[in-house]
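In: predicted model follows, preceded by the sequence.
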Amino acid sequence: MKIKCKLYFVLIGVLLTACSSSRFESKVSQENADRYINIENSNFSEKNYSPREAPTAKEDEVFYGDWIFKDVIASGSVSQNSDEDIKKIEGKRVFFSSDSVSFENKKINSPFYKKMNVSKNDFFNESYVDLNDLGIKKDYVTKVEVYLDSNYQNFWDSLGGEFYIKDNNTIIIDYGGDYFRLVRKISIK
């Protein structure tokens, strides 16, 4: 009887988690805004770049460029992808610049990027994945969201609409509970 009760609670927890989570959220809710902190200044901070405000060519964002889906490096407690689904994504390309973003046949012009630092604890609380499992040894990770408008209301709902910067040559995209490692097509130092 105890085993049945425990099993029911586990199943209910899994169902609630699966039903309540959404892969592509359009914006960060105000009550969670304080969870996205700038580690260096210890207060909420974000950088929002539009094409008109984008850094000069000399200061291009580290995530600008061509990226290739390589492999899954970690998975959350629930994965929506089969091995076949994962193989279909591996090798695909996503492109980011101040002028456009594209994934396969989906493209937007004049994207708006919203950057924020997410603490290690908050990342785990949202994903049940530790940053160490992603190869990130810092106490935070930089999250980037892509929007269609300067008010950050219309999220680009496609693969690449949200990602994490690991380093100059690696970004990470969560898709269906699986964390894909993407490598820059042409490495930079």
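Out: Sure, I can see it.

In: just the helices from this structure, written as ranges.
Out: For the chain, the helices defined by DSSP state H occupy 2-20, 83-89, 120-127.

In: least reliable of these going by mean pLDDT?
Out: Per-stretch mean pLDDT for these is lowest at helix 2-20 (a mean of 42).

In: list the buried residues for the longest strand along the chain?
Out: Of all the segments of type strand in the chain, defined by DSSP state E, the longest one is strand 65-75. Buried residues in strand 65-75, counted by 16 or more other CB atoms under 10 Å: 65, 67, 69, 72-75. Yep, even glycine has a C-beta here, placed from its N, CA and C like the rest.

In: cool, stretch 123-140 as well?
Out: Residues of stretch 123-140 classed as buried by neighbour count (16+ other CB under 10 Å): 123, 127, 129, 131, 134, 136, 140.

In: make a markdown table from the residues you listed and add distance to Phe180 to it.
Out: Shown next, in a markdown table, are those (distance: CB to CB, whole Å):
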| residue | distance to Phe180 |
| --- | --- |
| Phe123 | 16 |
| Ser127 | 13 |
| Val129 | 12 |
| Leu131 | 15 |
| Leu134 | 10 |
| Ile136 | 14 |
| Tyr140 | 20 |
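
In: where's the dip in pLDDT among those residues?
Out: Among these, Ser127 carries the weakest pLDDT, at 92.
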